[in-house]
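Engineer: how would this look folded up:
(2 chains)
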2 protein chains.
Amino acid sequence: MTTGASIVTIGDEILIGQIVDTNSSMISRRLGGIGVKTLDMISIPDDREQIISRLSEELARSSVVISTGGLGPTKDDITKDALASLFGSTAYVRHEGQEEEVRRILHSRGLDALEVNLAQADVPAGCEVIVNHMGTAPIMVFRFPEERFGHPATLYAMPGVPYETEAALDAVMEDIRTHFPTENICHRNVMVYGLAESALAKLIAPWEEALPAGMHLAYLPNTLTGVRLRLSVYSGEKDKAEADMDTEIAKLQPILGDRIYSLREEPLEAVVGRLLKERSATLSVAESCTGGEIAHLVTTVPGASEYFLGSVTSYSPEVKKKVLVVSEKIIEQKGIVSSEVAASMAEGVRALTGSDFSVATTGWADAYGDSHEPAGTVWVGVSGEAGTETERFNYKGDRKRNIERFSASALDFLRRYIIKHSNN
Amino acid sequence: MTTGASIVTIGDEILIGQIVDTNSSMISRRLGGIGVKTLDMISIPDDREQIISRLSEELARSSVVISTGGLGPTKDDITKDALASLFGSTAYVRHEGQEEEVRRILHSRGLDALEVNLAQADVPAGCEVIVNHMGTAPIMVFRFPEERFGHPATLYAMPGVPYETEAALDAVMEDIRTHFPTENICHRNVMVYGLAESALAKLIAPWEEALPAGMHLAYLPNTLTGVRLRLSVYSGEKDKAEADMDTEIAKLQPILGDRIYSLREEPLEAVVGRLLKERSATLSVAESCTGGEIAHLVTTVPGASEYFLGSVTSYSPEVKKKVLVVSEKIIEQKGIVSSEVAASMAEGVRALTGSDFSVATTGWADAYGDSHEPAGTVWVGVSGEAGTETERFNYKGDRKRNIERFSASALDFLRRYIIKHSNN
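Structural biologist: Coordinates of the predicted model:
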């Protein structure tokens, strides 16, 4: 039987939208890794009655409840009191191990530990403690007997500071594995670019319908990364589950061909980077409407300096002419957004930097175009030893989304160019 | 009486931690703006029974329930059936306005509308529709009579794609204002750059403590935009509230001086753009470690083509030397991350493009440095008619956050340079 978990975030700052809750997704990913299924996540205010009643509901729902937030030296002790009341503790006990950590942490910051700090190590009598080495508030573990909620249930109350939460999760997961049945959940990702979600769904419908029972498919679309297809199997037999998913992915590959850019969860710029590294090849970029976004994406990949030489963003026609040596005549005859200008920019930046490959964009990201091309159009040029090629894309979106789609389309076109000319 | 709201996120992808839920905080901020208090947020799976039972619980708790997700053209969507059942609809009705939008959106992408797409415009009989102009799934409005949940309650079921959610929120807030008691909350924003949250809090503590009763201050820090100070007054007397906040902001200005870059909620690149437009001046950018992020930020501002000529990202020393004419000797003697290289890059790109102003960065974004400068250091150079100036910044963060902070620091230094040399 699968263990179910609930994740509870305590704090007004989440509810008024000041802070985006990133802890919950971090925790659920870790739970998934040990086969514990997250049944729900809730965010509640710093309110004693709410904390007690909502935690009780979640403990009745799930064997494992992990709460974050509501603990710390600047908070009122609302949460800790609520937890004591929920657990039926009438006294606090100082935890020596955590008290030592409070002194050590404050000392390392050049501060003396005041009583308000040491009181962080006080916990409701009867709870267990996982020492927090990154902060002053301990992780409190409340084990409720079966008769309380109809099943054995454990509440892990963690502080809300993300790096403290993250650092303590190893110990929490270990505790869950010790006390509850766990299993493996297996995932496989297929990254697809160049097909809208609905078109993709139609194309792979026969394959999807023939998936074996117990294998689940999800579509996860994103402007910059296309559609991520995620296959999941909940199974105790990890090897079989993985082999089964590999079999299904092997059937998918001939249907989607080079629309699949990776079988790992990674963006286009990481794949392009790997292709370049494998070939010891270098890259340069010439941008116009994308305004630096392609270079930015390329350089977010650690180690990009191994292959990325540099880029020119030629926002004005003068920079296109002067730096990238695009001819005045081509711009006049074909328009600034044209196959010819994209090709010339790609060739210009490749000559300027001496790179093996280059990619260039020229387009209208805003809701206007010209007599040559409508708004939302981008021409992408890619240049390399095998010659210069161009491709046209058209999108309907606002400025920001068009810039993102143009950039992703350029990276994908570059990716396909590199692969095509390697297989010859 | 204040109206209470619950926000419900539907989707396995949130629960398994593959996606961080950013919709909920966006929605709660908008609700706060019309005086509606968010009582809780929950995330639940794509499960018919769960959707029905949890939405019922939230409708019993709050007059306004806003759900996102679980709607879309692919098959893993069961939300609509659950909503029909919850509302007691036994039939679907195709909404003509949304159907038209589906055709328009697909046509604009060069696609024919398939039946699977048109079916997106089918809604449970009896619900009202707010047309989604950014996507194919409509916003469904379910109004439940008082006897159902003990109070009049409305459920707004929105698609989960963040830009679609965002675009439809104006209409949803307007509908809430029409049907439920709301109040005015007046806000004023003070955008501050160059002070950490704790240092800022200390500096303005006397001013903050003297704020009149009923005026609330929030600190909203962000890597790219610094700290946004938000003053709020809940009040029916809008004119008085706004005048009171103006008085307090006037007292704050001499304390913070040019650390304040705007009294509107806007990023540094928008302020820089306005300063340039006011002077009919042009800008070019030379980047290294920031890899295109500054140019990208500058060009996200609509109308940037009026002042932005272009940029060079010189990731390799060779591009620095060849394109930006940085001398080999300076790089050898002072190091690639140095005041001299930053100055030379700024002068180089200004000469190349003929711009009035330029800004350049050279730094170590990754967790390594060299003998000259440690990791997390950036040198920023700004060049203009008044000469070339440089400034050094040091941050502790990962690659991504350092790139963002370096870029924001560069834009802020440019902003201060333009202002300083205009007042002389």
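Engineer: from here on, contacts and neighbour counts on C-alpha atoms
Structural biologist: Will do.
Engineer: domain map for chain A?
Structural biologist: Following automatic domain parsing, one gets these domains for chain A: A:4-179, A:184-262, A:268-420.
Engineer: want to throw these into CSV with mean pLDDT, distance to chain B and mean neighbour count?
Structural biologist: Formatted as CSV, those follow (pLDDT from 0 to 100; distance: least, Cα to the nearest Cα, whole Å; neighbours: other Cα atoms under 10 Å in any protein chain shown):
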stretch, mean pLDDT, distance to chain B, mean neighbour count
domain A:4-179, 91, 4, 19
domain A:184-262, 91, 6, 16
domain A:268-420, 94, 4, 22
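Engineer: out of those, flag the one nearest B:Cys127.
Structural biologist: Comparison of the domains of chain A against B:Cys127 by Cα to Cα identifies domain A:184-262 as nearest, at 25.1 Å.
Engineer: kindly check the end-to-end length of the closest one for me.
Structural biologist: Domain A:184-262 has an end-to-end distance of 23 Å (Cα to Cα, to the nearest Å).
Engineer: that domain: how far from the chain's middle?
Structural biologist: The chain centre lies 18 Å from the centre of domain A:184-262; the measure is Cα atoms, centre = their mean, to the nearest Å.
Engineer: same check, this time on stretch A:106-114
Structural biologist: The answer for stretch A:106-114 is 36 Å, by Cα atoms, centre = their mean.
Engineer: next one: stretch A:145-164
Structural biologist: 26 Å.
Engineer: same check, this time on stretch A:126-146
Structural biologist: Averaging C-alpha positions (Cα atoms, centre = their mean) puts stretch A:126-146 29 Å from its chain's average.
Engineer: and the end-to-end length of that stretch?
Structural biologist: End-to-end distance for stretch A:126-146: 16 Å, by Cα to Cα.
Engineer: can you list contacts of it?
Structural biologist: A:71-73, A:87, A:89, A:95, A:97-98, A:101-102, A:105, A:117, A:120-121, A:123, A:151-159, A:163-164, A:167-168, A:171-172 (Cα atoms under 8 Å, 6 or more residues apart in numbering or on different chains).
Engineer: what ranges does the stretch 1-150 of chain A have for its helices?
Structural biologist: Per DSSP state H, counting those that start in this stretch, the stretch 1-150 of chain A carries helices over the ranges A:12-15, A:23-33, A:48-61, A:78-87, A:96-108, A:115-118, A:146-149.
Engineer: right, and these - which one's nearest A:Lys251?
Structural biologist: helix A:23-33 (26.3 Å).
Engineer: against which helices or strands is the closest one packed?
Structural biologist: Under the contact criterion of 3 or more Cα pairs under 8 Å, 6 or more residues apart in numbering or on different chains; DSSP states H and E, helix A:23-33 touches strand A:4-10, strand A:37-44, helix A:162-179, strand A:184-192, helix B:12-15.
Engineer: okay, the ones you listed in JSON lines with distance to B:Glu146 next?
Structural biologist: Formatted as JSON lines, these follow (distance: least, Cα to Cα, whole Å):
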{"stretch": "strand A:4-10", "distance to B:Glu146": "30"}
{"stretch": "strand A:37-44", "distance to B:Glu146": "25"}
{"stretch": "helix A:162-179", "distance to B:Glu146": "41"}
{"stretch": "strand A:184-192", "distance to B:Glu146": "44"}
{"stretch": "helix B:12-15", "distance to B:Glu146": "32"}
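Engineer: quick one: which of the ones you listed is nearest B:Gly384?
Structural biologist: Closest approach to B:Gly384 among these (Cα to Cα): helix A:162-179, 42.6 Å.
Engineer: check which helices and strands the closest one sits against.
Structural biologist: The elements that helix A:162-179 packs onto, with contact taken as 3+ Cα pairs under 8 Å, 6+ apart, are helix A:23-33, strand A:128-130.
Engineer: got the ones you listed as CSV, with distance to A:Gly354 columns?
Structural biologist: CSV is the format used below for these (distance: least, Cα to Cα, whole Å):
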stretch, distance to A:Gly354
helix A:23-33, 43
strand A:128-130, 57
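Engineer: sorry, back to before: dump the helices of the stretch 1-150 of chain A into CSV; add distance to A:Ser422 as well.
Structural biologist: Compiled in CSV, the helices of the stretch 1-150 of chain A are given as follows (distance: least, Cα to Cα, whole Å):
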stretch, distance to A:Ser422
helix A:12-15, 50
helix A:23-33, 37
helix A:48-61, 55
helix A:78-87, 61
helix A:96-108, 55
helix A:115-118, 63
helix A:146-149, 62
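Engineer: so which of the helices and strands packed on helix A:23-33 gets nearest B:Asp21?
Structural biologist: Among the helices and strands packed on helix A:23-33, helix B:12-15 comes nearest to B:Asp21, with 6.6 Å by Cα to Cα.
Engineer: need the contact partners of the closest one.
Structural biologist: A:25, A:28, A:38-41, A:220, B:19-21, B:43-46.
Engineer: let me have the residues you listed in JSON lines, extended by distance to A:Val64.
Structural biologist: Listed next are those as JSON lines, based on distance: Cα to Cα, whole Å:
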{"residue": "A:Ser25", "distance to A:Val64": "16"}
{"residue": "A:Ser28", "distance to A:Val64": "12"}
{"residue": "A:Thr38", "distance to A:Val64": "9"}
{"residue": "A:Leu39", "distance to A:Val64": "10"}
{"residue": "A:Asp40", "distance to A:Val64": "11"}
{"residue": "A:Met41", "distance to A:Val64": "12"}
{"residue": "A:Leu220", "distance to A:Val64": "27"}
{"residue": "B:Ile19", "distance to A:Val64": "21"}
{"residue": "B:Val20", "distance to A:Val64": "21"}
{"residue": "B:Asp21", "distance to A:Val64": "22"}
{"residue": "B:Ser43", "distance to A:Val64": "16"}
{"residue": "B:Ile44", "distance to A:Val64": "16"}
{"residue": "B:Pro45", "distance to A:Val64": "17"}
{"residue": "B:Asp46", "distance to A:Val64": "21"}
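Engineer: of these, just say which sits nearest to B:Asp239.
Structural biologist: For the contacts of helix B:12-15, the nearest to B:Asp239 is B:Asp21 (36.1 Å; Cα to Cα).
Engineer: do you know how far the closest residue to the closest one other than its chain neighbours is from A:Arg109?
Structural biologist: Distances taken as Cα to Cα, 6 or more residues apart in numbering or on different chains put B:Ile14 closest to B:Asp21, at 6.6 Å, once the chain neighbours are dropped. For B:Ile14, the distance to A:Arg109 equals 37 Å [Cα to Cα].
Engineer: then A:Ser63?
Structural biologist: To A:Arg109, A:Ser63 is 39 Å away according to Cα to Cα.
Engineer: kindly report the same for A:Lys277.
Structural biologist: 43 Å.
Engineer: try A:Glu278
Structural biologist: For A:Glu278, the distance to A:Arg109 equals 46 Å [Cα to Cα].
Engineer: A:Glu197 too?
Structural biologist: 51 Å.
Engineer: swap in A:Gly69?
Structural biologist: Distance from A:Gly69 to A:Arg109, by Cα to Cα: 23 Å.
Engineer: my read: A:Glu269 touches A:Phe413, true?
Structural biologist: No. Taking contacts as Cα atoms under 8 Å, A:Glu269 lies outside contact range of A:Phe413: 11.4 Å.
Engineer: shared neighbours of those two, anything?
Structural biologist: With Cα under 8 Å, 6+ apart, A:Glu269 and A:Phe413 have no common neighbours.
Engineer: dihedrals phi and psi, the residue of chain A positioned farthest from its centre?
Structural biologist: Distance from the C-alpha centroid of chain A, by Cα atoms, centre = their mean, peaks at A:Lys329 (45.3 Å). For A:Lys329, the backbone dihedrals (degrees, to the nearest 10) come out as phi -60, psi -40.
Engineer: before I go, just wanted to say thanks for your time.
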